[in-house]
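> I need the structure of the sequence given here:
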Amino acid sequence: MAADVEANSISDAIRATDTAGDIADLEEDQAKTKDALKILANPSPSAYSRAVAALRDDTQAWWQEQLSWAPEDYDEEQKPYSADAESLKRFLEGEVLPWYERRCQELEYRPMIREQAFGEAVDPDRLERLGRYEVHLDRKLERMLAMLCRLQELRRDADPS
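Numbers count the residues shown, from 1 in each chain. Below is the predicted model:
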């Protein structure tokens, strides 16, 4: 599973075209999550619903998915989440904030990953070898065409009609 996530991160980094936009999007998402945590820091009867409303749609969907899990879906040491302020705060601090850190690192390393991937794709040693094969095949093709022309000449000369 971790290898799949890493492979997806690498392929995303290679295909990405708007790192600055992705960073801005992440910062906006992070700011909304921090706002929700501020709301949860001041306990009130409406804190939970206001905090959920303060989250971005995709983070709200992630929270709803967590709430839909059965107790046996969680790891042994993990306490199940419930629809209350304490669980939401635990989720945001334990799941969402660490995800932001990992995502921030991915975005930070994205240019280096792209440079490495494209650098490997255009390895000068490999290109030199391909160039030699191309020259070799060109020469063979010229010899084959010359031989074909000679054979056609011989055939024309041998045909009396």
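
> buried stuff in stretch 74-93?
Buried positions in stretch 74-93, judged by neighbour count with 16 or more other CB atoms under 10 Å: 81, 85, 87-89, 91-92. To be clear about C-beta, it is placed using only N, CA and C from the backbone, and glycine gets the same treatment.

> dump these into CSV; add secondary structure and distance to W69 as well.
Listed next are these as CSV, based on DSSP: H, G, I helix; E, B strand; the rest coil; distance: CB to CB, whole Å:
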residue, secondary structure, distance to W69
Y81, coil, 8
A85, helix, 19
S87, helix, 12
L88, helix, 14
K89, helix, 18
F91, helix, 11
L92, helix, 16
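
> what's the closest of the residues you listed to S44?
For those, the residue nearest S44 by CB to CB is A85; the value is 8.8 Å.

> and the buried residues of stretch 74-93, which two are furthest apart?
Comparing all pairs in the buried residues of stretch 74-93 by CB to CB, the longest separation belongs to Y81 and A85, at 11.5 Å.

> coming back round to it: and which of the buried residues of stretch 74-93 is nearest K34?
Nearest to K34, judged by CB to CB, of the buried residues of stretch 74-93 is L92 at 9.0 Å.

> gap between that closest one and K79?
Noted for L92: a distance of 15 Å to K79, by CB to CB, to the nearest Å.

> can you check N42 too?
According to CB to CB, N42 stands 23 Å off from K79.

> what's around R103, how many residues?
Other residues within reach of R103, judged by other CB atoms under 10 Å, total 17.

> what does the average pLDDT come to for the strand or helix carrying it?
Assessed by DSSP states H and E, R103 sits inside helix 97-121. Taken as a whole, helix 97-121 carries a mean pLDDT of 81.

> and that helix, what's buried?
Quick answer for helix 97-121 (16+ other CB under 10 Å): 99, 103, 106-107, 110, 113-114.

> so what does it touch, helix or strand wise?
helix 2-15, helix 19-41 (3 or more CB pairs under 8 Å, 6 or more residues apart in numbering; DSSP states H and E).

> which helix in the protein has the most residues?
When the chain is parsed with DSSP state H, its longest helix is helix 124-158.

> can you list the domains in the protein?
Structurally, the chain divides into domains by automatic domain parsing as follows: 2-122, 123-161.

> hey, least reliable of those by pLDDT?
Lowest mean pLDDT within the domains of the chain: domain 2-122, at a mean of 83.
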